[in-house]
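Trainee: Next come a sequence and a model predicted from it.
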Amino acid sequence: MSGSSRRGSVNQKLLDRVAAGARDAGALVTAVRLADYDMPIYDGDLEQERGVPDGARAFQAAVAEHDALLIATPEHNGGYTALLKNAVDWLSRPLADGRTGVSLLSGKTAALVSASPGVLGGIRSQTALRIVLEKLGVIVLPQSMALGGAYDAFDQDGRLKDPVTDGVVRNIGRDLARLVGRLG
Ligand code: FNR
């Protein structure tokens with residue numbers, strides 16, 4: 001999943017390259033678009049009165065049936081996006097089977113990447129997201145990529161113009177697939 005729903009999102013492009021590496025390593029990867037799920041901004045009153053909304057429930061179900069997450073996060077004002085935070089907050093809410101206080105993310109693994117036109121490549125958004133995911137029990141892969149100058153980094157086929165960087169990014173997907181395999 002990407003924390004950007006923008007057409008032409010560089011984070012989506014970067015995510016696609018990580019996913020390609022995971023697929024090459026034998027993983028079954030599902031592309032999830034956060035904007036496709038009808039998830040209102042989390043509101044405790046809304047949840048109490050009407051329960052977890054159907055869109056958030058569907059998103060929980062989609063994540064629950066996977067072992068790992070590949071996440072590309074844009075950086076907005078030094079943090080990660082509201083779209084992504086809202087999705088994570090709904091993921092952490094009571095599950096369809098009535099369980100509460102249990103994060104469905106607990107025990108899953110994740111790889112984080114970020115892309116930005118700036119020089120730091122959105123690294124601050126990754127740091128912030130890593131803390132939140134680890135709080136929810138996610139094992140976050142140490143390997144990551146913060147891609148700076150991202151508006152000029154991809155060719156017309158969606159690959160990174162620099163083949164070395166393209167290989168490093170694909171290897172993140174490969175390493176996550178291997179870790180999932182090792183953990184069983
Ligand atoms: C940005 N952008 C940005 N970039 C960055 O490196 N650090 C930052 O703190 C911010 N802050 C920020 C705030 C807001 C409100 C916007 C709209 C943008 C620029 C951002 O990296 C750029 O828009 C990317 O293109 C976003 O990623 P996607 O949508 O292309 O994946």
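Mentor: Done, it's in. Residues are numbered from 1 along each chain as shown.
Trainee: Helix, strand, or coil at residue 69?
Mentor: strand (DSSP: H, G, I helix; E, B strand; the rest coil).
Trainee: What does the pLDDT read for the residue nearest to it when sequence neighbours are not counted?
Mentor: What sits nearest to residue 69 in space, not counting adjacent residues and going by CB to CB, 6 or more residues apart in numbering, is residue 110, at 4.3 Å. For every residue, glycine as well, the C-beta is placed using N, CA and C. Looking at residue 110, its pLDDT is 98.
Trainee: so who does residue 113 touch?
Mentor: When contacts are counted by CB atoms under 8 Å, 6 or more residues apart in numbering, residue 113 touches 11, 14-15, 18, 70-73, 126, 144-147, 169, 172.
Trainee: Low-confidence ranges, this structure, go.
Mentor: 100-102 (pLDDT under 70).
Trainee: Which helix runs longest in it?
Mentor: Taking DSSP state H as the criterion, the chain has its longest helix at helix 163-183.
Trainee: Which positions in the protein make contact with the ligand?
Mentor: 4, 6, 9-11, 74-78, 116-118, 120, 122 (CB under 6 Å from any ligand atom).
Trainee: still on that earlier bit, now, among the contacts of residue 113, which is nearest to residue 106?
Mentor: Using CB to CB, residue 71 comes nearest to residue 106 of these, at 16.2 Å.
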